[in-house]
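# Return atomic coordinates for the entry below.
(one chain, ligands or ions: 2)
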Amino acid sequence: MYKNPSFRTPFDFIMEKTSDNQTERTPLLLITAAIEQGGRTMASLLRKGPLLGITGSAQIRNVQGEGVQTLDQIGQETFLGLFRRSRAVLSVLSEEAEMPEVLPCDEKTSLLVAMDPLDGSSNISVNAPIGSIFSIFRPPAPSSSSPEGLFLNASSPLLSAYLLYSVSTSLVLAFSGETRVFTLDPDTGEFLGDGSPWRFPDKGKIYSTNEAYLPRWEKPLQDYLSWIKKERNPSMILRYIGALVGDFHRNLLKGGIYLYPAEAGEKTSGKLRLLYEACPMAHIARNAGGIATDGKQDILTIVPRSVHQRVPLIVGSVDLVREFQERTGHPLSGL
Ligand SMILES: O=P(O)(O)OC[C@H]1O[C@](O)(COP(=O)(O)O)[C@@H](O)[C@@H]1O
Ligand SMILES: [Mg+2]
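Numbering: from 1, shown residues only. Ligands and ions are numbered 1, 2, ... in the order given. Predicted coordinates:
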């Protein structure tokens, strides 16, 4: 198969961006390689899906009380095993485990990984897009705190990534001021991209949200949705996949805004988890010229109170998120 010689790999990206940061180069390369390997494994399993009997429920509930799918478990074991073997990860926090797991590591500069190994679980059984999400943090100094303390005191992500398993498998990496998009070549196993930074396009017109929950939203949010539908000029269109990775990716490529706000009742802090869903998407958005907020505050400035903390998330193109903030009464300052 013809390979465009100008294609670049995640390895090239990290090498280029760490030319003046040799200390973190090795752990970042090892961690990125683990994410790529996990992506290849997951994509290859997903190609056969129901034929392998892996698209059903595992008949258990996770620490958050949510039903666990077989693929949630496979994702957890796959990525955890790869991070363990990398010996570059000090601790892994996962949606699928109550406490962060401390791993054996060689590197003096080992890093922290927070992950949602399988995002969009409800899409598995219907063969719709799903993903895996990662944020990589520097451990706080001194790094002798408890496993949870490591994550609660870490600063904003150093590198963020997601894998999207869909018509093809995409790997999106945000690091050092750039967001880059790579595609898995299933023949060679390489993730390849054109080497250019990705920016949210101007003038996006997509909004993505589960409108079924609108009756439980705060009034300013309901008014914003009503304004989008009846008055906004130019008008917008609704697209919702129901997997954060898929919805975010479409909006990143086409321009749009994703909303999962707080709700009255059970989801007073929203649904998405700060450290391994909202934070990585906020970091990827920021590196692509976008913004993320919980409605009042930039997601990247929120200091976590617990490792599985949930937050409302509004993320996307800068103009659309600013417009949302202005119309709901919390204009973002300094962004
Ligand atoms: O069904 P809802 O409430 O719209 O939820 C969809 C959201 O829930 C999630 O699926 C949560 O992900 P998990 O599969 O990792 O639990 C998000 O990816 C997605 O945006
Ligand atoms: Mg998720």
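
# What is the burial count for the residue of the chain found nearest ligand 2?
Going by CB to the ion, ligand 2 is nearest to Asp119 of the chain, at 3.5 Å. C-beta here means a position set from N, CA and C on the backbone, and glycine is covered the same way. The number of residues packed near Asp119 is 27, by other CB atoms under 10 Å.

# Point me to the helix or strand that includes the nearest residue to it once chain neighbours are set aside.
Leaving aside its sequence neighbours, Asp119 sits nearest to Gly131 (CB to CB, 6 or more residues apart in numbering; 4.5 Å). Gly131 belongs to strand 130-137 when assigned by DSSP states H and E.

# check contacts around Ala97.
Applying CB atoms under 8 Å, 6 or more residues apart in numbering to Ala97 gives the contacts 63, 76.

# Residue ranges in the stretch 51-200 of the chain under the pLDDT threshold?
107, 143-144 (pLDDT under 70).

# who in it is up against ligand 1?
Residues of the stretch 51-200 of the chain lying close to ligand 1 by CB under 6 Å from any ligand atom are 66, 95, 116, 119-121.

# can we see that at 8 Å?
With CB under 8 Å from any ligand atom as the criterion, the stretch 51-200 of the chain comes near ligand 1 at residues 64, 66, 72, 95, 116, 118-123, 130-131.

# Take the residues you listed and keep only those in helices.
Asp72 (DSSP state H).

# Show me the helices in the stretch 1-150 of the chain, by range?
Along the stretch 1-150 of the chain, counting by DSSP state H, counting those that start in this stretch, helices occupy 10-17, 22-48, 70-86, 147-152.

# got TSV for these, with mean neighbour count too?
Shown next, in TSV, are the helices of the stretch 1-150 of the chain (neighbours: other CB atoms under 10 Å):
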stretch	mean neighbour count
helix 10-17	18
helix 22-48	19
helix 70-86	21
helix 147-152	18
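
# of all the ones you listed, which lies closest to Ser170?
Of all these, helix 22-48 sits nearest to Ser170, with 9.0 Å by CB to CB.
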